[in-house]
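Engineer: Sequence and predicted structure, then a few things I'm wondering about:
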Amino acid sequence: MQSTIKAVWQGSFKQGNGQFATENSKLSNSAFRPSYVENDGTFTNPEELLAAAHASCFTMTLSYILGENGFSADQLETSVSLIISNNVITNSNLSLQAKIDGITEEEFRNLALKAKEMCPVGNVLKAESSLEATLIL
């Protein structure tokens, strides 16, 4: 599998802006600017896109693992918080809330940790990755 994105930047770093194109997504032609610029909702930034990629990848990976183990989630909700220090992403912290009938707390934690280890986006990050997982009973 290969995924290709093309990014184009115009102008200076502070006043310029960018746009990226995707091959298979409605995200194509989305605008991006640096994360420090006040966001009016018309653009995104690389950090936000990376967090979205990590959250969605982890959630899909967990859904796959649950299915392989005989479970189906009513809902998996994952948020990611990136920690950036001196222009380096040092942590990508996952927070998961899940509603899964018939699973024990121990099974849930083990499968969530397995998903964290198997997530391709999480694996490509050089940052530490943490997981906070909550099963809603």
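Structural biologist: Nice, I can see it. As the structure is a computational prediction, the values presented were derived from the model and not from experiment.

Engineer: ok, the closest residue to G18 other than its chain neighbours - contacts?
Structural biologist: Using CB to CB, 6 or more residues apart in numbering and skipping residues adjacent in sequence, the residue nearest G18 is W9, 4.2 Å away. The way it works is simple: take the backbone N, C-alpha and C, and place the C-beta from them, glycine included. For W9, the contact set (CB atoms under 8 Å, 6 or more residues apart in numbering) comprises 16-18.

Engineer: Repeat that for Y64.
Structural biologist: Counting by CB under 8 Å, 6+ apart, Y64 makes contact with A115.

Engineer: one step back: where does the residue nearest to G18 land in three-state SS?
Structural biologist: Secondary structure, DSSP: H, G, I helix; E, B strand; the rest coil: W9 is strand.

Engineer: what does L111 give?
Structural biologist: Classification of L111 using three-state DSSP returns helix.

Engineer: first to last residue in stretch 27-45, what's the distance?
Structural biologist: 13 Å (CA to CA, to the nearest Å).

Engineer: Going forward, the N-terminal residue is numbered 769.
Structural biologist: Renumbered: residue one is now 769, and that last one reads stretch 795-813.

Engineer: what does it rub up against?
Structural biologist: Against stretch 795-813 from outside (CB under 8 Å, 6+ apart): 775, 781-782, 784-790, 814-817.

Engineer: Tell me if I'm right that I871 and F839 touch.
Structural biologist: Yes - contact between I871 and F839 holds when scored by CB atoms under 8 Å: they sit 5.4 Å apart.

Engineer: what do these two both touch?
Structural biologist: L879.

Engineer: Derive a ChimeraX selection command for the buried subset of the contacts of stretch 795-813.
Structural biologist: Buried members of those, defined by 16 or more other CB atoms under 10 Å, are picked up in ChimeraX with:
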select :786,788
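
Engineer: what's the most distant pair in the contacts of stretch 795-813?
Structural biologist: Farthest apart among the contacts of stretch 795-813 by CB to CB are K782 and T790. That separation is 26.1 Å.

Engineer: All the helices of this structure, residue numbers only.
Structural biologist: Assigned by DSSP state H, the helices in the chain fall at 814-836, 873-886, 888-892.
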